[in-house]
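Peer 1: Here is the input, now give the coordinates:
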Amino acid sequence: MLGGCLCGAVRYALTERPTSITACHCSQCRRMTGHYMAAAFVKNADLHIVESRGLSWYRASPIAKRGFCHECGSTLFWDGDESDEIGIAAGTLDDTSGIKLTAHVFAPDKGDYYEISDNLPQYESDKDLAKHE
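Peer 2: Below is the predicted model:
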């Protein structure tokens with residue numbers, strides 16, 4: 001499975017296909033993406049960067065960094081320090097067939113300008129989500 005940024009300065013391959021997408025409504029994700037972050041998570045070992053000339057990392061908090069393309073500005077990754085998984089911006093995947101949105105995290109932090117109107121589970125944090133997986 002392949003993916004990458006808008007301009008092609010970052011391309012990646014996944015050796016395992018993600019099966020679900022989580023929407024994160026935290027203030028950092030909203031600021032980084034302009035709305036909320038729809039992320040597919042895979043094991044770190046399953047992500048292989050095949051073109052990295054545009055890849056930059058931003059230390060967003062004491063617990064995580066975010067990967068983006070410094071040439072076109074595309075949001076690409078969320079990498080938690082204590083996790084063996086990495087979040088991949090779902091919109092950067094070349095093919096999302098068969099992958100479905102399954103949950104919302106940090107739902108209470110969502111922007112006031114929109115509603116979460118599907119019937120998917122909503123969690124206060126990623127830790128609450130992990131308890132239900």
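
Peer 1: Where does residue 49 sit: helix, strand or coil?
Peer 2: Following DSSP: H, G, I helix; E, B strand; the rest coil, the label given to residue 49 is strand.

Peer 1: typo on my end, residue 30
Peer 2: helix.

Peer 1: Make sure it is actually in contact with residue 75.
Peer 2: No: contact between residue 30 and residue 75 fails when scored by CB atoms under 8 Å: they sit 11.2 Å apart. Every residue, glycine included, has its C-beta placed from N, CA and C.

Peer 1: anything in contact with each of those two?
Peer 2: Listed as contacting both residue 30 and residue 75 by CB atoms under 8 Å, 6 or more residues apart in numbering are residue 37.

Peer 1: Contact partners for residue 53?
Peer 2: Counted by CB under 8 Å, 6+ apart, residue 53 has contacts 9, 10, 71.

Peer 1: Any figure for the gap between the residue lying closest to residue 13 once chain neighbours are set aside and residue 104?
Peer 2: Setting aside the residues directly before and after it, residue 13 is nearest to residue 48 in space (CB to CB, 6 or more residues apart in numbering), at 4.7 Å. Going from residue 48 to residue 104 by CB to CB, to the nearest Å gives 29 Å.

Peer 1: So which of these two has more stuff around it?
Peer 2: Shown here are residue 48 and residue 104; by other CB atoms under 10 Å, residue 104 has more neighbours (21 against 10).
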